[in-house]
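Enquirer: give me coordinates for this.
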Amino acid sequence: MNCINNKKTKWFIVKFKHPNMQNKLLIKEMNRILLLLLLFSFHYICLKGQNALFIPPLDTGYWNGNVRTFDLNMQDDSTEFISGIYTQTAGYNGSFLGPTLYIKKHDSVVLNVTNGMDEVTTTHWHGLHVPAIMDGGPMIKIMPGNTWVASFKMMNQASTFWYHPHHKPTFWQDSDGTGGQIFRGLAGMLIVEDENTDSLSLPCTYGIDEIPLIIQDRSFGINGEFLEFINPLFIGRPGDTILVNGTLNAELQTHAQMIRLRILNASNTRTYYFGFDDNRSFMQIGSDGGLLEQPISLDRLRLSPAERAEIVVDFSSDQGQIINLMSYAGELRNILLVYAPALLDKLDTTNYKIMSFNVGAPTSSPVTSISQNLNTITLYNELDADTSRTFVLDNGPPMTINGVSMDMAVINEIIPLGNLEVWTINNSSGTSHPFHIHGEPFQVLARSDGPVPENEKGWKDVVLVPLTWPPGNDGWVKIIKPFNDFADSTYVFMYHCHILEHEDAGMMGSYIVVDSSSSPLSLTKKTNTPYFSIFPNPATNIIRFSFLDKISDDYIIEIKNHLGQVAKQSTKELSLDVSELSTGIYFISVQSNNFTITKKLIIH
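Expert: Residues are numbered from 1 along each chain as shown. You can find the predicted model right below:
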């Protein structure tokens, strides 16, 4: 992963000895100019060199009985992106990014995730259909030195997913937030296969004709450090340099045959408009949550942050050629404006190279044609929906959904188990927002910017919601999503913008799925249910309770941990000492013969 091959470049500042102030000022100015020249040289050299694309190791886990088991260690480290220069980074089981995890549908899975860092974190299985308690959202914290054990049965069909932190910081720019931790390198790809893909004709030899591409943008300082906030007008960490699998100026030595690319946009903020430099067509075969029904021929592919796509490109006639994968952002701005003009940077307005493919001889048994019937997708009918909801995204400040910023102590939506729901996501801001919903995948019904493209008619978990442009003309997307299982009145799923700093800044909410036949949580507000508040929340020692109305019933207040175990209990007391409780998420329930109220409590 070296930007400079077989060369050693020394960075230095010229120092002279002169007695008078005029010369000192001259030296200061010369050094400033030299720094600028060296910074320019740094980027020029990086842009000129080609480096072999790093392929993350494939981790199939190990079998512990009949359970496919993985061990992941989150660690701070440093990475040599540029020869002789080390950048402070973080990764899973390595210095930057993580291994590609391989799981089969129906597998019983255990993932032991150890936090080897000096800060709180989480790990979220992005796109997986798992119980809320195993989803790895911001409530499921992993304290420094601790190991979180996630266990579930793989329910997803074959597709490309990923894993990454999902920690809510105190302030959006903090390095321990989702944006800061992913920016340092904490992310990895996760591949699911099933009986359907086993039967298809598709390139499937990992690292040979099936290539993972984790696309990110970063900016480097003169000492090789990541520069986080290069656009002071923008809430985000955009970059000016592309990394593919952590490789600068990546080049893949590939083969003159059909090559399958699993593309993940793991950038904090950047949307890409992929295509090849000779404008060749390629076949998209999969989206976020599964294979499409048939291959779709494209010459451009838009992916916003967290979206994935599987494509097959045919290099059969290109032996001896170099083909470049591009982002045609200069074209995209005329089709869909991702940000308001004042926020656009060079990588939003120009066409630029992502990486190169140096095409060599084919392998001994290449795939020469791909299956034309890939999947069967039953489309939902909007008329069958049980209810509809509207979510309004606003940049503020503060950033909000439906007028409120993310509050870890609030459940924003309560959804009955078994519901099929239509959600309309309205965007009243000057930024297009990639909207992600945890849990089961959804389908896109309609868009404000035109018909739903064919490649968005499969299973999705992220959808790009167009910005308001021109002002007063809100963008929107309508989706339909099932909530078929994993009822849990305690643990929440999230929905949020996947521009990472936007979710860190508050553009995020939570929902629970409840079984109305057994859950103590009411789906509709009852007049005899009192309003109950906790202060302070988060808390460190004494918490106090208050009711809006006088309560004549006898009641019990219980504080339960994430396992449902009672940690504290009181009757008719209006305060409790929680100083002896460990930090984390707890749940307070107030129970009487006539009502039950449950709220979240955070102990710092």
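Enquirer: got the buried residues for stretch 226-243?
Expert: 226, 228, 231, 234-243 (16 or more other Cβ atoms under 10 Å). To be clear about C-beta, it is placed using only N, CA and C from the backbone, and glycine gets the same treatment.
Enquirer: do the same with stretch 314-328
Expert: 314-315, 318, 323, 325-328.
Enquirer: just to revisit the earlier point, relative to residue 333, which of the buried residues of stretch 226-243 is nearest.
Expert: Among the buried residues of stretch 226-243, residue 238 lies closest to residue 333 (Cβ to Cβ), at 14.9 Å.
Enquirer: what's the closest of the buried residues of stretch 226-243 to residue 282?
Expert: Proximity of the buried residues of stretch 226-243 to residue 282 (Cβ to Cβ) peaks at residue 242, which lies at 19.1 Å.
Enquirer: I'd like to know which elements the helix or strand containing the closest one is packed against.
Expert: Following DSSP states H and E, one finds residue 242 within strand 241-244. Applying 3 or more Cβ pairs under 8 Å, 6 or more residues apart in numbering; DSSP states H and E, we find strand 241-244 packed against strand 210-218, strand 351-360.
Enquirer: rerun at 10 Å
Expert: helix 21-48, strand 210-218, strand 250-255, strand 322-328, strand 351-360 (3 or more Cβ pairs under 10 Å, 6 or more residues apart in numbering; DSSP states H and E).
Enquirer: go through the biggest strand by length in the chain and flag the buried ones.
Expert: Taking DSSP state E as the criterion, the chain has its longest strand at strand 67-82. The neighbour-count check on strand 67-82 (16+ other Cβ under 10 Å) flags 68-70, 72-77, 79-82 as buried.
Enquirer: pLDDT and distance to residue 437 for these - can I get that in TSV?
Expert: Output for the buried residues of strand 67-82, formatted as TSV (pLDDT from 0 to 100; distance: Cβ to Cβ, whole Å):
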residue	pLDDT	distance to residue 437
68	98	26
69	98	28
70	98	25
72	98	24
73	98	29
74	98	25
75	98	30
76	98	31
77	98	33
79	98	33
80	96	38
81	96	34
82	93	38
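Enquirer: just the strands in the stretch 251-400 of the chain please.
Expert: Secondary structure of the stretch 251-400 of the chain by DSSP state E, counting those that start in this stretch: the strands cover 258-265, 272-276, 282-287, 290-298, 301-303, 308-314, 322-328, 351-360, 387-394, 400-401.
Enquirer: mind putting these into a markdown table with distance to residue 542?
Expert: Shown next, in a markdown table, are the strands of the stretch 251-400 of the chain (distance: least, Cβ to Cβ, whole Å):
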| stretch | distance to residue 542 |
| --- | --- |
| strand 258-265 | 46 |
| strand 272-276 | 51 |
| strand 282-287 | 50 |
| strand 290-298 | 50 |
| strand 301-303 | 49 |
| strand 308-314 | 47 |
| strand 322-328 | 54 |
| strand 351-360 | 55 |
| strand 387-394 | 36 |
| strand 400-401 | 31 |
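Enquirer: chain center to stretch 501-508, what's the gap?
Expert: In terms of Cα atoms, centre = their mean, to the nearest Å, the centre of stretch 501-508 is set 12 Å apart from its chain centre.
Enquirer: quick check: end-to-end length of it?
Expert: End-to-end distance for stretch 501-508, by Cα to Cα, to the nearest Å: 11 Å.
Enquirer: and for stretch 180-198?
Expert: Where stretch 180-198 begins and where it ends lie 38 Å apart, using Cα to Cα.
Enquirer: i'd like the first residue to be 44 from this point on
Expert: Okay, using 44 as the starting number, the last item reads as stretch 223-241.
Enquirer: from the chain's centre, how far out does it sit?
Expert: Using Cα atoms, centre = their mean, the offset of stretch 223-241 from its chain centre is 10 Å.
Enquirer: low-confidence ranges, the stretch 444-593 of the chain, go.
Expert: Within the stretch 444-593 of the chain, the ranges that satisfy pLDDT under 70 run 560-576, 589-593.
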